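In: only geometry, no sequence info:
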């Protein structure tokens, strides 16, 4: 931590700042520049981070030096990569995993149909929402526990492990009963009560980046889960909100190599929400693999015109099948396999 | 709802679109322009809104005509303005209400000290966080139920009704026992499980705009609360996330007159988070009143250097006192009173 | 300037960094923290700023300490406030100045009509665009020099000094012949060739903040003008581009007190573009004055339905007249006058 | 164009709107929904687009139907793809072209060294800035015409055609004398005077997307160039400004397939500015090719520590060489070649 003082800081203010630092059990080092004084704060950053150093008179700004997250950091040797969903490993370095399925679970039959189609095409994990976070209260809110049951039946039929979203702390036991992996949606990325709750689960958690969360925010939310004892976290880039209105979101593929460098957690990319326009999802999926994603999640629906949510951005099974072939080629071009 | 077709739409596609609309029990009207065909969809928008019209072949885009929210709309005569917190009315048109207190409840003594100071200065509602949503798991997370108790004691002493944040659906009964108004924080604005839960409360709810939520998103989240039966919602603008890094957030005062025009719900402005820099909070509070806010919420702390959260942006009691005097003058200049 | 090293920096790398700093004729001070090494760079920041310190092996990041602008800084005693447009002083601390007129100069008659109306209502500077920056090449591009002439005639008739936009370095002499103040539009805020050109003008320059420029960028663009010898710069906040689509821009009133604190240049607010919705412009103008603006610029048109640009956001003269009355009351409430 | 009326529009208002439309020589069609009236405007959109329809009483909003650009549109059969820089074709569908060189031209020797290195590695076009748009007036502003000369000498030596930035309308003749392709930088994307000027050049123009320009804005700026008679435009995605601060910009690869679908102009991606962090540029270059870019532009410097601009994000020649190999593999995986 470095304290930068105001231009006209007094000696008495400097003494007071130094005294405060010592009260916190830390050491300081004063450096006098041409116009300002810098005060280095030496000691564990997490002790200092929570103190309102910026509120001390004479302080202009406070520059953190260490990263605010620890458990998720690359250098943390105790992270157990890769993370498994069922028996599918993600983040092994070699294999790129495809996660697919409908946006929402709509009925038992449809769920089965789609599950078989995506499995046959090459998906290795099945997705489907039973609890749906919808911007409007008048939109379809999901089938709830029935949806979970249909997912489990699709797993029984296809062998694909399942990932599904949890939205309420009270639902953990219920969702755990069926799911192989919990999903925290973009809108709940900073629902800290929920993060703590899934931090106590035995299941892996796919944490979707909030649509306005910085990479740092995402890592701190992952840190919440790890700090509760659950190290099995997948980070998912799914597009951020920008001024561009032609696409649903702006898929931030910059995040992929950065997350890979900063943490050992596997990185998933969701091009479906990331661009939100069906015809362009394949190119963004290809780009995600080229950028180094460990997994790609793509929504598929056999009858998009009838989908109860996000039909506009669902791929038809035959389009998905063709995409898998192209993804395989790109994966191999970057030294991986699908 | 208007459907705009692709440039080379076929007659068969148009027929199919029209047939779909009729399947939904709606009527359509086809309008042929120079290069495209427009299809007006006549009937209640909410029926159509949830259908994936954009997924029908030949459709280029779908333009909604009606607002997606109903209960919160200005024209909804059943909204009961103003909303009261304890016996303090907000949104009466005439009076501007000051809400103040510390960011977090830190101790019984400090809570009392600050409560007395803000009451004396002119605040009419007391705020304080017992459950704190913090970006990092290593930051102070609030005193929990003890914090609620200290708040209640401060109310007993000062007569000020209290507002405090709820973060977990499981906490409703506990928070309701103490609070006069529930606060939904910015990060939970789209925590739909929580919105539904407070929609079943007998208490008013102050809904803070998500830092990346559009005004439309905010109104839809309010709609969640109203649609569960609780019409007593306050909307709070508290700054949005933009590319500007010199301020903590960008206070979007544009939202004030727009929200006043679109809904009859009272509008609160939080300049403390909106700019996040202590020395500039007063000017933004003044601007909020000039823009038409029904209430202003400002954080105050008697010893900002010792605050356990947000000390950098807390006003000292004497600065707050001076601000109240200036706010009163501006309120009167725009035909209101404080 | 502070260099923060990577976690596993070697001693050889530190030596190399220090040697580089000395090569630049600067001094360094090394501070060893628990996990990283900090290297303070002592000497004039501007010497260092231009060097690619971040490219030296072992460097993780470089933190600037001093502000990158000098001439525009508050502490620069040689700035000559206030700035005058004709004989109207802006930034005197006391008086708030109203700038008004149509978006574009459309005809001699209309220009005169509007000029008289805004003068009578209380405007003290007249605006009008002769060269119009339009997003589309098919939109009205302004009357060019004819427009300038009509503006000058309106000045002759009303006595109001005039401000008008310059878009091309080749137009300086032509625009200087007529204008009392040059306007650099939002889209040209980082047109550095143009900034240098107006930096050599004898006229004051109103520099509009780019719709995606940080406050820091704005100050650096002002610095371009001052560094060419023209200290008479007005800074204009006119709304920034954010994710919000309900308003044309997000008026960033946070910028007002911050600019006032960082520089002695006068600060103008343009609520017309800042919100872009006619019915809400008055409230934002009031808020601008409450936030501390030195001047407010509002577009007025006598027949908005016929305007050749931005008719949607022009106030009718009678609405403007009423607004002036309200602005006067708020100005007085914050200790100023109109 | 569709006009959506306000909820309580009167019949007289509707008549007035219809009359206005007819005054413009267009036809209208009125459609009465449950709560609002829609008025379709039939006729060429460009006639209507410039009229302030939103200013007519009773109008709530105006929805454009046709795209505001014409010449750049995909369906415009007169566009002559591909565009050539010297004898290098871009946008041929098959080949992906590498553009490379230093950020700034710094000296004759260095320019030659780098030109030879990038040519040998596989670059087919040489870049280098002689006129540099820098945020601060105190940063290196480029060598001017000397820089152009050194570029031309590097071309003579290596055979690589050159692309370089133009910043001032007055420089066109001078830059045309040396360059094979003009670059319009991000900050000048809406410098309309400059766009018109290069629209009259015989050289191709690479138009970089403004860092806050929507895709629509970019296409309209391209339209400016085409509407002056120059159809040889390349569109360059180079990152947009978002709330994320860990990267210099957010590379918006979504733009690649969208631009390819909306226009026949070749699409270039600049990952160097798009992420701004040297170690991650290769992954983003690979992703750009996977997403469908026609060309990739990467900055290379033989001694990044000594670079006079952007040293932090320059690749060393050997890193670039390795990247070319990987780019070739990905290009082939998506059915193209390098």
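Out: Yes, it's here. If you're wondering where the values come from, they're calculated on a predicted model, not measured in any experiment.

In: where along chain A do the helices fall?
Out: Counting by DSSP state H, chain A has these helices, from start to end: A:11-23, A:45-49, A:108-121, A:145-158, A:172-176, A:192-198, A:215-227, A:255-262, A:271-275, A:281-291, A:317-333.

In: Now for whichever residue of the stretch 151-300 of chain A sits closest to chain B: which residues touch it?
Out: When Cβ to the nearest Cβ is the measure, the stretch 151-300 of chain A has its nearest residue to chain B at residue A:212, with 3.1 Å between them. C-beta here means a position set from N, CA and C on the backbone, and glycine is covered the same way. Residues in contact with residue A:212 (Cβ atoms under 8 Å, 6 or more residues apart in numbering or on different chains) are A:240, A:241, B:210, B:211, B:212, B:241, C:243, D:243.

In: To what extent is the nearest residue to residue A:139 once chain neighbours are set aside buried, counted in neighbours?
Out: When the adjacent residues along the chain are set aside, residue A:139 lies closest to residue B:50, with 5.3 Å between them (Cβ to Cβ, 6 or more residues apart in numbering or on different chains). Burial of residue B:50 is recorded as 16 neighbouring residues (other Cβ atoms under 10 Å in any protein chain shown).

In: State whether residue B:50 and residue A:308 are indeed in contact, as I suppose.
Out: Yes - in this structure residue B:50 lies within contact range of residue A:308 using Cβ atoms under 8 Å: 7.3 Å.

In: so what's in contact with those two at the same time?
Out: Counting by Cβ under 8 Å, 6+ apart, the common neighbours of residue B:50 and residue A:308 are residue A:140.

In: what's the burial count for residue A:22?
Out: A total of 11 residues lie near residue A:22 under the criterion other Cβ under 10 Å.

In: burial count for the residue of the stretch 51-200 of chain A found nearest chain B?
Out: Closest approach between the stretch 51-200 of chain A and chain B, counting by Cβ to the nearest Cβ: residue A:52, at 2.7 Å. For residue A:52, the count of nearby residues is 23 (other Cβ under 10 Å).

In: That one - nearest residue in space that isn't next to it in sequence?
Out: For residue A:52, ignoring the flanking residues on the chain, the nearest one in space by Cβ to Cβ, 6+ apart is residue B:311 at 2.7 Å.

In: Return the residues in contact with the one you found.
Out: A:52, A:54, A:55, B:301, B:304, B:305.

In: do that again at 6 Å, thanks
Out: Residues touching residue B:311, when contacts are defined by Cβ atoms under 6 Å, 6 or more residues apart in numbering or on different chains, comprise A:52, A:55, B:304.

In: and what of residue A:282?
Out: Shown here is residue A:282, whose contacts under the criterion Cβ under 6 Å, 6+ apart are residue A:323.

In: Which positions in the stretch 151-300 of chain A make contact with chain B?
Out: Those residues of the stretch 151-300 of chain A that sit near chain B, judged by Cβ under 6 Å from any Cβ of the partner chain, are A:167-170, A:187, A:190-193, A:212, A:220, A:223-224, A:227, A:241.

In: Do I have it right that residue A:178 meets residue A:150?
Out: No - in terms of Cβ atoms under 6 Å, residue A:178 does not count as a neighbour of residue A:150; the distance is 9.6 Å.

In: More neighbours: which of those two?
Out: Counted by other Cβ under 10 Å, residue A:178 and residue A:150 do not tie: residue A:150 has more neighbours, with 23 against 18.

In: Chain C contacts on the stretch 101-250 of chain A?
Out: In this structure, the stretch 101-250 of chain A approaches chain C at residues A:241, A:243, judged by Cβ under 6 Å from any Cβ.

In: shaky segments in chain A?
Out: A:45-46, A:77-81 (pLDDT under 70).

In: how's it carved up into domains?
Out: The domain map for chain A lists A:2-63, A:83-333, with the assignment taken from automatic domain parsing.

In: and the end-to-end length of the shortest one?
Out: According to Cα to Cα, to the nearest Å, domain A:2-63 extends 5 Å from its N-terminal end residue to its C-terminal end residue.

In: And stretch A:184-191, by the same measure?
Out: Terminal residues of stretch A:184-191 lie 9 Å apart, using Cα to Cα.

In: residues from the stretch 101-250 of chain A in reach of chain D?
Out: Near chain D, the residues belonging to the stretch 101-250 of chain A are A:214, A:215, A:242, A:244, A:246, A:247, A:250 when assessed by Cβ under 6 Å from any Cβ.

In: what would the residues you listed look like in JSON lines with neighbour count?
Out: JSON lines is the format used below for these (neighbours: other Cβ atoms under 10 Å in any protein chain shown):
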{"residue": "A:214", "neighbour count": "20"}
{"residue": "A:215", "neighbour count": "22"}
{"residue": "A:242", "neighbour count": "27"}
{"residue": "A:244", "neighbour count": "23"}
{"residue": "A:246", "neighbour count": "15"}
{"residue": "A:247", "neighbour count": "22"}
{"residue": "A:250", "neighbour count": "25"}
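
In: Tell me the one of these nearest chain C?
Out: Using Cβ to the nearest Cβ, residue A:242 comes nearest to chain C of those, at 6.5 Å.

In: Got the phi and psi for that closest one?
Out: According to degrees, to the nearest 10, the main-chain angles of residue A:242 amount to phi -130, psi -170.

In: can I assume it is in contact with residue D:242?
Out: Yes - checked against Cβ under 6 Å, the pair residue A:242 and residue D:242 is within contact range at 4.9 Å.

In: Leaving out sequence neighbours, find the closest residue to residue A:39.
Out: Closest residue to residue A:39 apart from its sequence neighbours, by Cβ to Cβ, 6+ apart: residue A:3 at 4.2 Å.

In: Touching, the one you found and residue A:40? I think so.
Out: No - counting by Cβ under 6 Å, residue A:3 sits too far from residue A:40 to count as a contact (7.9 Å).

In: So for those two, which sits in the more crowded spot?
Out: Neighbours of residue A:3 and residue A:40, each counted by other Cβ under 10 Å, are more numerous for residue A:3; the result is 27 against 22.

In: give me every residue that touches that one.
Out: Counted by Cβ under 6 Å, 6+ apart, residue A:3 has contacts A:39, A:59, A:62.

In: Can you tell me how far it is from chain B?
Out: Distance from residue A:3 to chain B, counting by Cβ to the nearest Cβ, to the nearest Å: 13 Å.

In: Is that residue bridged to anything, and to what?
Out: When assigned by DSSP bridges, residue A:3 has beta-bridge partners residue A:39, residue A:62.

In: Residue A:57 versus that one, what's the distance?
Out: With distances taken as Cβ to Cβ, to the nearest Å, residue A:3 is found 12 Å from residue A:57.

In: Residue A:72 now?
Out: Distance from residue A:72 to residue A:57, counting by Cβ to Cβ: 36 Å.

In: Spatially nearest residue to residue A:97, not counting backbone neighbours?
Out: What sits nearest to residue A:97 in space, not counting adjacent residues and going by Cβ to Cβ, 6+ apart, is residue A:295, at 4.1 Å.

In: To what extent is that neighbour buried, counted in neighbours?
Out: When counting by other Cβ under 10 Å, one arrives at 26 neighbours for residue A:295.

In: likewise the one 10 residues further on?
Out: The burial metric for residue A:305, expressed as a neighbour count using other Cβ under 10 Å, is 18.

In: returning to that earlier point: buried subset of the contacts of residue A:212?
Out: Neighbour-count burial within the contacts of residue A:212 applies to A:240, A:241, B:210, B:211, B:212, B:241, C:243, D:243; the criterion is 16 or more other Cβ atoms under 10 Å in any protein chain shown.
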